[in-house]
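Trainee: What follows is a predicted structure for the sequence shown.
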Amino acid sequence: MEIQGLGMSSTVLSNANTSSAVGMALLDKALETDQENGEALTRMLERSVNPLVGQNIDIRL
């Protein structure tokens with residue numbers, strides 16, 4: 001194998017590692033966003049079951 005081929009192979013492997021790292025970071029962020037959206041949806045659904053509970057206070061003396 002020629003020296004130029006070794007340099008090119010090293011560059012290709014480095015780019016592949018970088019692409020893999022970026023892909024993993026994007027996947028991690030997407031999973032985090034999905035979890036936050038799921039939690040927000042759960043809170044929204046919990047409030048929609050009885051949306052008027054706790055809105056008013058009736059006080060009679």
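Mentor: Received it, and whenever you're ready, just let me know what you need.

Trainee: which SS class is Q55?
Mentor: Here Q55 is coil, with the state taken from DSSP: H, G, I helix; E, B strand; the rest coil.

Trainee: three-state assignment of A25?
Mentor: Per three-state DSSP, A25 ends up helix.

Trainee: since we're on it, how many residues are nearby?
Mentor: 10 (other CB atoms under 10 Å). Every C-beta, even on glycine, is put in place using the N, C-alpha and C of the backbone.

Trainee: Then the one 10 residues further on?
Mentor: The tally of other residues near Q35 (other CB under 10 Å) stands at 10.

Trainee: How about A30?
Mentor: Neighbour count for A30, taken as other CB under 10 Å: 10.

Trainee: repeat for R60
Mentor: Neighbourhood size, R60 [other CB under 10 Å]: 3.

Trainee: Now find how far off-centre stretch 25-42 is within its chain.
Mentor: When distances are taken as CA atoms, centre = their mean, to the nearest Å, stretch 25-42 is centred 4 Å away from the chain's centroid.

Trainee: tell me the phi and psi of N17?
Mentor: Torsion angles at N17 (phi, psi; degrees, to the nearest 10) stand at phi -60, psi -40.

Trainee: again, but for N56
Mentor: Dihedral angles (degrees, to the nearest 10) for N56: phi -130, psi 150.

Trainee: what residue ranges in the protein score low on pLDDT?
Mentor: The model of the chain has pLDDT under 70 over residues 1-4, 6, 51-54, 61.

Trainee: Please, where are all the helices along it?
Mentor: For the chain, applying DSSP state H gives helices covering 3-49.
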